[in-house]
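Chemist: my questions are about this predicted structure, shown below with the sequence.
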There are 2 protein chains.
Amino acid sequence: MTMSWHMMVEFEPPLIACVVSNANFSFAALRATRECVIAIPPRKLAATVVTVGNVSGRNIDKFTEFGLTPMTAARVAAPLIAECFANLECSVSDTRLVPKYNLFILEVLKAWIDPAQKRPKTLHHQGFGTFVVDGPTIKLKSAKP
Amino acid sequence: MTMSWHMMVEFEPPLIACVVSNANFSFAALRATRECVIAIPPRKLAATVVTVGNVSGRNIDKFTEFGLTPMTAARVAAPLIAECFANLECSVSDTRLVPKYNLFILEVLKAWIDPAQKRPKTLHHQGFGTFVVDGPTIKLKSAKP
């Protein structure tokens, strides 16, 4: 599935919060398997990201349908996506806010990057197929992370 | 304070999740007052964002110190920041994940934009004073938000 709403929660252990609608096939899968892979797509996959988000995995195999390449993960059964520049193998670590908000806390068990993708640009979803792509980087002195 | 970790949780009512370290003065303030303003800074405030994030409001008045202009909010006691292109007046609506993760669920009670700031660029924090600024916008056809 395509997911927009997520954030970092902790560095150590690495935790991520995300919202997965209970209308999605992935919601049931996440609750049942308690694991997933978060794959971060580069700019050139933008059209695929939208298409993947507009159909359900209940009916089709999205890897085959959209030309994505599954790769075996090390710590979870869900596959990585070879075309993505980063893949995070995650387990569900807290479901207390799932009933009310569909909000899962995930722990990242293993992280992969594709070294062939140099300085990839990420996509920031603004809604209904509109994305802002990463622009210039600013580096300022900071005492804090 | 400067906050990096936040995400949308729901459209209606508008909910936001955020992580505020319990080492911050703002953590105690948020727990005590149960309200806040989330102010979204434009690119030109990047240096101020870092400076504000590196000192504590325990010791100084950051508005005075850093040349920011407080404006009265409509629904909460905390002030808006006039220089920011958007200000969200929020109340704390769920604290169940505060003890374990410092994660607050906020409801947006009122949202303001500065109409004088056209197409403002947002700052995406990558850690230790490095930010990516919004680049180009991509518009694709989508059936979903």
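Modeler: Here it is on my side, so go on.
Chemist: low-scoring stretches of chain A, by residue?
Modeler: Across chain A, not a single residue meets the criterion (pLDDT under 70).
Chemist: all helices of it, in order?
Modeler: A:25-33, A:46-53, A:62-66, A:98-101 (DSSP state H).
Chemist: most tightly surrounded among these?
Modeler: Of all the helices of chain A, helix A:46-53 carries the top mean neighbour count, a mean of 19, counting by mean count of other CB atoms under 10 Å in any protein chain shown. All C-beta spots, glycine's among them, are computed from the backbone N, C-alpha and C.
Chemist: how about the most centrally placed residue in chain A: what's its closest non-neighbour residue?
Modeler: The C-alpha lying nearest the average C-alpha coordinate of chain A belongs to residue A:38 (CA atoms, centre = their mean; 3.1 Å). Counting by CB to CB, 6 or more residues apart in numbering or on different chains, residue A:38 lies nearest to residue A:88, which is 4.4 Å off, once chain neighbours are set aside.
Chemist: bridge partners for the residue lying closest to residue A:87 once chain neighbours are set aside, pull those for me.
Modeler: Spatial nearest neighbour of residue A:87, excluding adjacent residues (CB to CB, 6+ apart): residue A:80 at 4.0 Å. Beta-bridge pairing of residue A:80 under DSSP bridges involves residue A:71.
Chemist: switch the helices of chain A over to JSON lines; also include distance to residue A:117.
Modeler: Below are these laid out as JSON lines (distance: least, CB to CB, whole Å):
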{"stretch": "helix A:25-33", "distance to residue A:117": "25"}
{"stretch": "helix A:46-53", "distance to residue A:117": "15"}
{"stretch": "helix A:62-66", "distance to residue A:117": "19"}
{"stretch": "helix A:98-101", "distance to residue A:117": "33"}
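Chemist: out of those, flag the one nearest residue A:7.
Modeler: Closest to residue A:7 of the helices of chain A, according to CB to CB: helix A:98-101, at 13.0 Å.
Chemist: contacts for the closest one, please.
Modeler: Contact with helix A:98-101 is made by A:19, A:31, A:104, B:9, B:10, B:15, B:17, B:94, B:105, as judged by CB atoms under 8 Å, 6 or more residues apart in numbering or on different chains.
Chemist: what does stretch A:40-47 give?
Modeler: So stretch A:40-47 is contacted by A:48-49, A:81, A:83-88, A:117, A:120-123, A:131, A:133-134, B:138, B:140 (CB under 8 Å, 6+ apart).
Chemist: make it 10 Å
Modeler: A:2, A:39, A:48-49, A:51-52, A:66, A:68, A:81, A:83-88, A:113-114, A:117, A:120-123, A:125, A:129, A:131, A:133-134, B:135-136, B:138-141 (CB atoms under 10 Å, 6 or more residues apart in numbering or on different chains).
Chemist: residue in chain A nearest to chain B?
Modeler: Chain A approaches chain B most closely through residue A:135 (2.7 Å), counting by CB to the nearest CB.
Chemist: not counting sequence-adjacent ones, nearest residue to that residue?
Modeler: Sequence neighbours aside, residue B:135 is the residue nearest to residue A:135 in space, at 2.7 Å (criterion: CB to CB, 6+ apart).
Chemist: list the contacts for that neighbour?
Modeler: Counting by CB under 10 Å, 6+ apart, residue B:135 makes contact with A:43, A:121, A:124, A:132, A:133, A:134, A:135, A:136, B:121.
Chemist: are any of those residues buried, and if so which?
Modeler: The neighbour count (16 or more other CB atoms under 10 Å in any protein chain shown) marks A:43, A:121, A:124, A:132, A:133, A:134, B:121 as buried among the contacts of residue B:135.
Chemist: got the contact list for the fifth one?
Modeler: Right, the one you point to is residue A:133. Residue A:133 sits next to A:42-43, A:46, A:121-124, B:132, B:134-138 when contact means CB under 10 Å, 6+ apart.
Chemist: separation between the residue nearest to it when sequence neighbours are not counted and residue B:30?
Modeler: Nearest residue to residue A:133 in three dimensions, chain neighbours excluded: residue B:135, at 4.7 Å (CB to CB, 6+ apart). Noted for residue B:135: a distance of 33 Å to residue B:30, by CB to CB, to the nearest Å.
Chemist: can you check residue A:6 too?
Modeler: Distance, residue A:6 to residue B:30, using CB to CB: 22 Å.
Chemist: now residue A:85
Modeler: Noted for residue A:85: a distance of 35 Å to residue B:30, by CB to CB.
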